[in-house]
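1. Quick one, structure for this:
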Amino acid sequence: MKAIAEAPSKAIITGEHFVVHGAWALAAALPRRVRAEVSESHRISVTSDRFSSAEAHGLHPIIGVVEAMAKEFSFNARMRVSLRSEVPEGAGLGSSASAMVAVVSAVSRLHSLDLQPSDIIRFSMVGEREIHGNPSGIDAAVCAMGGVVLFRPGNAPKRLSLEGRRTLIVVFSGKRRSTKSQIRRVAAVKGTFPSFFGGLTEAASEVSLIAAERLAKGDMKGLGRILSFNHAVLSTIGVSCRSLDKLVDLVLSLGAYGAKLTGAGGGGSVVAVAPGGKEKSIISGLRGRGFEAFRAEIPVEGVKSWLNR
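-> Residues are numbered from 1 along each chain as shown. Sure thing, here's the model as predicted:
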């Protein structure tokens with residue numbers, strides 16, 4: 001018997017990095033997903049279509065997640081885990097969180113644990129901490145819950161209610177980045193300029209709340225202005241880079257209302273919003289210049305799992 005789960009990826013709309021330090025952040029689940037297939041085996045093993053055998057060490061955090069679940073619920077951790085992903089690695093789109101959430105959900109289904117989203121998030125964070133060091137937890141929360149979520153450490157995630165669909169444009173810069181190193185970079189800025197950083201964190205929290213209002217009302221032009229402003233702030237604290245700044249400028253020149261880096265920065269992806277009649281031409285223009293770009297309609301369903309007998 002095999003258990004299967006699929007979890008969405010995510011884009012942070014506002015508040016990345018500052019959320020680690022207590023700010024509200026706004027994020028949305030994206031339709032590109034990671035699929036996990038889990039079955040009992042004579043040993044624990046993890047394979048992925050995104051990693052070669054030489055890169056298999058990158059899958060070790062998933063073993064830690066399975067072992068943590070096995071210890072808490074007293075089952076045998078020996079199982080085969082297979083991953084297939086539509087999410088580029090290192091793109092700032094939550095590929096690792098999506099994988100962790102999918103694995104936890106599949107293991108839960110295989111052993112009839114009936115875990116709630118809060119428990120799926122909790123076990124996913126075992127792997128996320130091993131990979132990223134000190135993540136906020138927003139990626140795992142969004143991948144588990146789906147939809148659009150306001151997130152703040154220590155608070156219950158708040159799902160945003162949307163009437164109708166909204167559209168985001170997501171474009172991968174082609175440059176991978178390390179979330180762990182970027183988190184450390186921001187922590188260093190906080191240590192050097194604590195009062196300045198504290199003020200930015202409070203402002204970032206307010207910006208996320210305003211962005212949520214604009215998105216809920218369907219004011220994509222207003223949201224776009226917030227995105228571009230947020231990118232400038234992230235650039236100020238050193239988590240953008242020349243390639244991301246140029247990509248944001250390109251997206252704006254193609255007609256977007258606004259754009260910003262999403263995720264850890266230093267590479268990864270840009271998220272943008274645009275007039276309804278412009279989205280197709282913007283994506284075409286980006287692809288014509290060699291970028292991987294796609295349209296993401298939100299809200300998107302969270303993790304789902306089932307048995308394949």
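2. When you work out contacts or count neighbours from here on, use the C-alpha atoms and nothing else.
-> OK.
3. what's the spacing between the nearest residue to residue 146 once chain neighbours are set aside and residue 139?
-> Spatial nearest neighbour of residue 146, chain neighbours left out: residue 302 (3.5 Å); criterion: CA to CA, 6 or more residues apart in numbering. Distance, residue 302 to residue 139, using CA to CA, to the nearest Å: 12 Å.
4. So between those two, which is more surrounded?
-> When residue 302 and residue 139 are compared on other CA atoms under 10 Å, the one with more neighbours turns out to be residue 139, at 30 against 24.
5. my read: the more buried one touches residue 97, true?
-> Yes: taking contacts as CA atoms under 8 Å, residue 139 lies within contact range of residue 97: 5.8 Å.
6. quick one: the strands in the stretch 101-250 of the chain?
-> Secondary structure of the stretch 101-250 of the chain by DSSP state E, counting those that start in this stretch: the strands cover 148-151, 158-159, 166-172.
7. Domain ranges for this protein, per the record?
-> 2-161, 166-298 (automatic domain parsing).
8. Could you point out which of those sits nearest residue 309?
-> Among these, the nearest to residue 309 by CA to CA is domain 2-161 (6.2 Å).
9. Show the backbone phi and psi for residue 175.
-> Main-chain dihedrals, residue 175, degrees, to the nearest 10: phi -110, psi 120.
10. Neighbours of it, how many?
-> By other CA under 10 Å, neighbour count at residue 175 equals 14.
11. need the contact list for the residue nearest the centre of the chain.
-> What sits nearest the mean C-alpha location of the chain, by CA atoms, centre = their mean, is residue 94, with 3.1 Å. By CA atoms under 8 Å, 6 or more residues apart in numbering, residue 94 lies in contact with 9, 10, 11, 139, 140, 143, 263.
12. Select only the buried ones of those residues in ChimeraX?
-> Entered in ChimeraX, the line below selects the buried ones among the contacts of residue 94, by 16 or more other CA atoms under 10 Å:
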select :9,10,11,139,140,143,263
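13. secondary structure class for residue 76?
-> When classified by DSSP: H, G, I helix; E, B strand; the rest coil, residue 76 comes out as coil.
14. ok now do it, which residues does it touch?
-> residue 70.
15. Which strands border the lengthiest strand in the chain, and is each parallel or antiparallel?
-> Using DSSP state E to define each element, the chain has its longest strand at strand 25-40. With DSSP bridges as the test, strand 25-40 is paired with strand 2-14 (antiparallel), strand 79-85 (antiparallel), strand 148-151 (antiparallel).
16. Out of those strands, the one nearest residue 253 is which?
-> Comparing the strands paired with strand 25-40 against residue 253 with CA to CA, the closest turns out to be strand 2-14 (19.9 Å).
17. and that closest one, average pLDDT?
-> In this model, strand 2-14 carries a mean pLDDT of 97.
18. Do I have it right that residue 159 meets residue 144?
-> No: in this structure, residue 159 is not within contact of residue 144 by CA under 8 Å, at 11.8 Å.
19. Tell me, how many residues neighbour residue 269?
-> Residue 269: 30 neighbours (other CA under 10 Å).
20. Quick check on it: phi, psi?
-> Dihedral angles (degrees, to the nearest 10) for residue 269: phi -130, psi 170.
21. Same question for the one 3 residues further on.
-> Phi and psi for residue 272, reported as degrees, to the nearest 10, are phi -140, psi 160.
22. tally of neighbours for the nearest residue to it once chain neighbours are set aside?
-> Spatial nearest neighbour of residue 272, excluding adjacent residues (CA to CA, 6+ apart): residue 259 at 4.1 Å. Close neighbours of residue 259, defined as other CA under 10 Å, add up to 31.
23. what's the closest non-adjacent residue to residue 287?
-> Excluding the flanking residues, the one nearest residue 287 by CA to CA, 6+ apart is residue 293, at 6.3 Å.
24. what helix or strand is the one you found on?
-> Using DSSP states H and E, residue 293 falls within strand 292-298.
25. strands paired with whichever helix or strand comes after that strand, and their directions?
-> Toward the C-terminal end, the helix or strand that comes next after strand 292-298 (DSSP H and E) is strand 304-308. Here strand 304-308 has these sheet partners by DSSP bridges: strand 2-14 (antiparallel).
26. Now do the strand it pairs with and strand 292-298, the angle between them.
-> 90 degrees (axes from the mean of the first three to the mean of the last three CA atoms, to 10 degrees).
27. For residue 164, see how far away residue 17 is.
-> On the measure of CA to CA, residue 17 and residue 164 end up 29 Å apart.
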